[in-house]
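# I would like to see how this sequence folds:
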Amino acid sequence: METKKAINKALRYNEGKLDWTLLDFEALEPLVKVMSYGAKKYTVGDVSGRDNWKKPVEPKQHLQSAMRHLISMIQGEEIDKESGERHSGHLLANIMMYNYHTKDVESEHIINQFRQQYLEDGWSKEIQDRPLSNEEKLEFIPKSEFNYELLKD
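Numbers count the residues shown, from 1 in each chain. Have a look, this model is predicted:
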């Protein structure tokens, strides 16, 4: 006769999930200081600059800025003259912003191919400027390549 052992703690299934304990949050302090500086710098009147970095921008601009800060660090300069914050914080901020603006780059490439196909098939050019419906996204993109974040409205 088989007996079951009592389990005295909750079951958790965390395999394959991000392990945020791998990060040293104190080491990210320069990033937070730079983001705080930017929130103040880009505030206009009563409009907060807190999320200014999330607005559309050519992602390459973040790489160019990151390179300027990296080169300053390589040349031995630790503190940015304009902000008074560490160049490493600016570097981290620009890479974070680059990642934010390019997280769906593969999915967007597929969507652009979809729009181009519509145009080649004689569909109205207005489709190029309107958001695709969820049905259109799912119809065109193979499930193995689809980024389900695109479904968030």
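# quick one: low-confidence ranges for this protein?
1-6, 105-153 (pLDDT under 70).
# Could you chop it up by domain?
Using automatic domain parsing, the domains assigned to the chain come out as 24-40+53-102, 105-151.
# Next, work out how far apart the closest residue to residue 41 other than its chain neighbours and residue 88 are.
In space, and not counting its chain neighbours, residue 41 is closest to residue 49: 6.4 Å by CB to CB, 6 or more residues apart in numbering. Just so you know, the C-beta spots here come from the backbone N, C-alpha and C atoms, and that holds for glycine as well. Using CB to CB, to the nearest Å, we find residue 49 at a distance of 22 Å from residue 88.
# ok, these two, which is more surrounded?
Per other CB atoms under 10 Å, whichever of residue 49 and residue 88 has more neighbours is residue 88, with 18 against 14.
# Show residues contacting the helix or strand where the more buried one lies.
Assigned by DSSP states H and E, residue 88 belongs to helix 87-102. Residues from elsewhere that reach helix 87-102 (CB atoms under 8 Å, 6 or more residues apart in numbering): 28-35, 38, 53-54, 56-57, 59, 62-63, 65-66, 69-70, 72-73, 77-80, 83.
# Can you flag the buried ones in those?
Among the contacts of helix 87-102, the ones that count as buried by 16 or more other CB atoms under 10 Å are 30-31, 33-35, 38, 53, 62, 65-66, 69-70, 72-73, 80, 83.
# Name the nearest of those residues relative to residue 9.
residue 31 (35.3 Å; CB to CB).
# and that closest one, what is it in contact with?
Counting by CB under 8 Å, 6+ apart, residue 31 has contacts 89, 92, 93, 96.
# all helices for the chain, in order.
Ranges of helices in the chain, per DSSP state H, are 29-41, 60-74, 87-102, 105-120, 134-140.
# angle of the second one against helix 29-41?
Relative orientation of helix 60-74 versus helix 29-41 (axes from the mean of the first three to the mean of the last three CA atoms, to 10 degrees): 130 degrees.
# Done for today, thanks.
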